[in-house]
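J.: Following is a predicted model, sequence given first.
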Amino acid sequence: MVVGVLADSDKGHEMAWWIYLAGWAPLLLMGVFSRVSGRKPAQPAAQIGMWVLVLFGAVQGVFNPDGWPL
């Protein structure tokens with residue numbers, strides 16, 4: 001989020017989006033692992049992680065909508 005707010009160029013905004021998207025990787029891997037192993041992840045950790053990423057995505061969308069890399 002800091003990179004996106006402080007970036008002065010389109011490349012900086014695009015990099016901020018890639019960093020944000022990379023943040024979803026551990027949460028998605030945890031979901032896949034828990035599905036395969038049959039164990040449930042720690043509820044507070046999974047929910048907090050998801051909501052933090054959703055919140056950061058909303059902030060990125062408000063401040064850097066033009067840098068979306070996809």
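T.: Noted; the coordinates are in hand. These figures come from a predicted structure and were not determined experimentally.

J.: For the helix or strand containing residue 29, list every residue counted as buried.
T.: Per DSSP states H and E: residue 29 is located in helix 10-37. For helix 10-37, burial by neighbour count (16 or more other C-beta atoms under 10 Å) applies to 13-17, 20. Yep, even glycine has a C-beta here, placed from its N, CA and C like the rest.

J.: go on, stretch 45-61?
T.: So, applying 16+ other C-beta under 10 Å, buried residues of stretch 45-61: 49, 53, 56-57, 60.

J.: which ones among these are found in helices?
T.: Among those, the residues falling in helices (DSSP state H) are 49, 53, 56-57, 60.

J.: separation between the nearest residue to residue 27 once chain neighbours are set aside and residue 60?
T.: Leaving aside its sequence neighbours, residue 27 sits nearest to residue 49 (C-beta to C-beta, 6 or more residues apart in numbering; 5.1 Å). Per C-beta to C-beta, to the nearest Å, residue 49 is found 16 Å from residue 60.
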